[in-house]
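# Sharing a model that was predicted from the sequence below.
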Amino acid sequence: MMNKYSLIFFFLLLIVMLSACGEKYEGDFKYEVQDFSYTNQDGETINKSNDLDGKFWVADFIFTNCDTVCPPMTANMARLQTQLNEAGLDDVQLVSFSADPENDTQEALKQFGEEHQASFDNWDFLTGYEFDEIKEFSVKSFKSPLEEIADSDQLLHSVRFFLVSPEGNAIKMYDGRKPAEMELIVEDIQNMQ
């Protein structure tokens, strides 16, 4: 009788220990980012599982004719790119998803990136999908709404930057409008490595 209980206890202990061996990177939440295959500013296909899995990456949602939050967010992403490079974290990828794929051509995204001093070495501006597809992707992957504003060419989208772990999960978010938040992203990545 005692052996039977010892064996049950051993297996329960083993299950608890194995369940603790899951995610290597922990954050404030864990949202699995859906796989995607979209086109960047240079016409190259960027696929999450082929190009981003195994790396830290930072995502945001912007559009080129945005006249409010997108320009400062993109300037802050450029600031983040510089800070990551200075910290020796140049393997971190940056991904800006267009919230307005109908108007954001590859050429428009490239020009927008250049206007904000983006280096395209590790920063992709993505398009090549329908609005409904990116809306669903934004909600499912980042729990972030994306809506068209009636009688306007503007969109309602998140102002957050999302840190995605090498395992493909969004684990932290930051206010993309605030330059000081870029330092926090760098620190968080350094502390997780």
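Sure, I can see it.
# Can you give the distance of the helix or strand containing L84 from its chain's centre?
Assigned by DSSP states H and E, L84 belongs to helix 70-86. Mean-position distance between helix 70-86 and its chain equals 14 Å (C-alpha atoms, centre = their mean, to the nearest Å).
# just stretch 110-120 next, same as before
With C-alpha atoms, centre = their mean, you get 18 Å for stretch 110-120.
# Okay, now the unreliable bits of this protein?
1-23, 152, 154-155 (pLDDT under 70).
# what do you get if the cut-off is 80, keeping everything else the same?
1-23, 148-156 (pLDDT under 80).
# check contacts around the spatially most central residue of it.
Note on the chain: the residue nearest the mean C-alpha position is A59, at 2.6 Å, using C-alpha atoms, centre = their mean. By C-beta atoms under 8 Å, 6 or more residues apart in numbering, A59 lies in contact with V33, V95, S96, F97, F142, F161, F162, V164, A170. Backbone N, C-alpha and C define where each C-beta goes, glycine included.
# repeat that with 6 Å
Shown in contact with A59 (C-beta atoms under 6 Å, 6 or more residues apart in numbering): V95, F162.
# cool, and Q83?
Q83 makes contact with M182, V186, according to C-beta under 6 Å, 6+ apart.
# how much space is there between it and A180?
To A180, Q83 is 11 Å away according to C-beta to C-beta, to the nearest Å.
# could you pull out the helices for the protein?
2-19, 70-86, 106-115, 131-142, 180-192 (DSSP state H).
# Highest mean neighbour count out of those helices?
Comparing the helices of the chain by mean neighbour count (mean count of other C-beta atoms under 10 Å), helix 70-86 ranks first with a mean of 19.
# Also compute the angle for that helix relative to helix 180-192, please.
Calculated by axes from the mean of the first three to the mean of the last three C-alpha atoms, to 10 degrees, helix 70-86 forms an angle of 40 degrees with helix 180-192.
# Can I get helix 70-86 as PDB, trimmed to CA atoms?
Taking C-alpha atoms only, helix 70-86 is exported to PDB below (Å, rounded to 0.1, in the frame of the first residue of the first chain):
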ATOM      1  CA  CYS A  70       2.200  57.400 -35.800                       C
ATOM      2  CA  PRO A  71       5.000  59.900 -36.500                       C
ATOM      3  CA  PRO A  72       6.100  60.100 -32.900                       C
ATOM      4  CA  MET A  73       5.800  56.400 -32.500                       C
ATOM      5  CA  THR A  74       7.900  55.700 -35.500                       C
ATOM      6  CA  ALA A  75      10.500  58.300 -34.300                       C
ATOM      7  CA  ASN A  76      10.600  56.400 -31.000                       C
ATOM      8  CA  MET A  77      11.000  53.100 -32.800                       C
ATOM      9  CA  ALA A  78      14.000  54.600 -34.600                       C
ATOM     10  CA  ARG A  79      15.300  55.800 -31.200                       C
ATOM     11  CA  LEU A  80      14.800  52.200 -29.900                       C
ATOM     12  CA  GLN A  81      16.700  50.900 -32.900                       C
ATOM     13  CA  THR A  82      19.700  53.100 -32.100                       C
ATOM     14  CA  GLN A  83      19.600  52.200 -28.400                       C
ATOM     15  CA  LEU A  84      19.400  48.500 -29.100                       C
ATOM     16  CA  ASN A  85      22.400  48.900 -31.500                       C
ATOM     17  CA  GLU A  86      24.400  50.800 -28.800                       C
END
